[in-house]
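1. sequence plus predicted model, see below.
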Amino acid sequence: MEENQDYETIDLLELLGVLRQHILALLLTTVLAALAGFLVSSFVLTPQYQASALMIVNTRQDTSANVTSDQLTSASRLVSTYSIIVKSDTVLNQVIANLGLNMTYETLASKVEVSAVDETQVMEITVTDPNPDGARQVCEQITQVAPDAILTAVEAGSVKVISAASVDPDPVSPNIPRNTAIAGVLGLVVCVGILFLRVLLDNKINTEDDVTKHLGLTVIGVIPNYENGGKR
């Protein structure tokens, strides 16, 4: 037994017509949202600066002998292990004590990132902070404290600084152009979504086409509205 079901169809031309009717509202919303994103990124969000340093990992302390490919592979694998030690409380608490920082271990750990450079035996230490000089000092202290802590924990190999801590003069965040563009696009999407919802949720008979579409009847006449002497 077949059941007859009524499905509500979406008229794409009708939706496009709604967008054309409200083109000014769409443009205005996009511009205002982009302006809000620009103002928030420029005057509300705190700029963040990054300082970074490079350290090389060796599997043996005696670096005078020839280094084999197996040793290089082993060293690159040790980077992930060493990165955990670099971000441990043993290292970072010592950094806090040396610099006299007024912050907890968890706060400092959230500012530090350690990663391998292109899957090599070189690891990059990056510190992010609103104060560029503060970021550089923390990064520099980590490169001084970490080698001894790593040797004590691993009892083999060596870690050496190959690039001293340096800070990027330009803030890494907020990215004002990107935030402005994202805010503008979000404003446009929200405005389009609201217009589409108004069309989809509107079940009133507004035009002659709605009579045919929703009731299946043919319109045989229209009574116009007119004004006479200020009365409608």
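-> Good, I have the coordinates. Numbering: from 1, shown residues only.
2. so, low pLDDT: which residues of this protein?
-> 1-11, 59-77, 155-157, 206, 210, 213-214, 228-232 (pLDDT under 70).
3. can you mark which positions in the longest helix belonging to the chain are buried?
-> Secondary structure assigned by DSSP state H gives helix 176-201 as the longest helix of the chain. Residues of helix 176-201 classed as buried by neighbour count (16 or more other CB atoms under 10 Å): Ile176, Asn179, Thr180, Ala183, Gly184, Leu186, Gly187, Leu188, Cys191, Val192, Leu195. No exception for glycine: its C-beta is placed from N, CA and C like everyone else's.
4. does the third one touch Ala34 like I think?
-> The one in question is Thr180. Yes - between Thr180 and Ala34 there is a contact under CB atoms under 8 Å: 5.1 Å.
5. next, the buried residues of stretch 145-165.
-> Applying 16+ other CB under 10 Å to stretch 145-165 flags Val145, Ala146, Pro147, Ala149, Ile150, Val154, Gly157, Ser158, Val159, Val161, Ala165 as buried.
6. what sits up against that stretch?
-> 51-61, 63, 75, 78, 81-82, 85-86, 88, 90-91, 94-95, 98, 122, 125, 136-137, 139-140, 143 (CB atoms under 8 Å, 6 or more residues apart in numbering).
7. for Ala116, which residues make a bridge with it?
-> Beta bridges link Ala116 to Met123, judged by DSSP bridges.
8. spit out the contact partners of it.
-> Ser76, Val79, Ser80, Ser83, Val122, Met123, Glu124.
9. okay, those in a markdown table with neighbour count and distance to Leu19 next?
-> What follows is the contacts of Ala116, written out as a markdown table (neighbours: other CB atoms under 10 Å; distance: CB to CB, whole Å):
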| residue | neighbour count | distance to Leu19 |
| --- | --- | --- |
| Ser76 | 19 | 54 |
| Val79 | 23 | 53 |
| Ser80 | 12 | 51 |
| Ser83 | 20 | 51 |
| Val122 | 18 | 53 |
| Met123 | 24 | 52 |
| Glu124 | 17 | 48 |
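10. re earlier: now for the buried residues of stretch 145-165, which pair is the farthest apart?
-> Within the buried residues of stretch 145-165, Val154 and Ala165 form the most distant pair, 22.7 Å apart (CB to CB).
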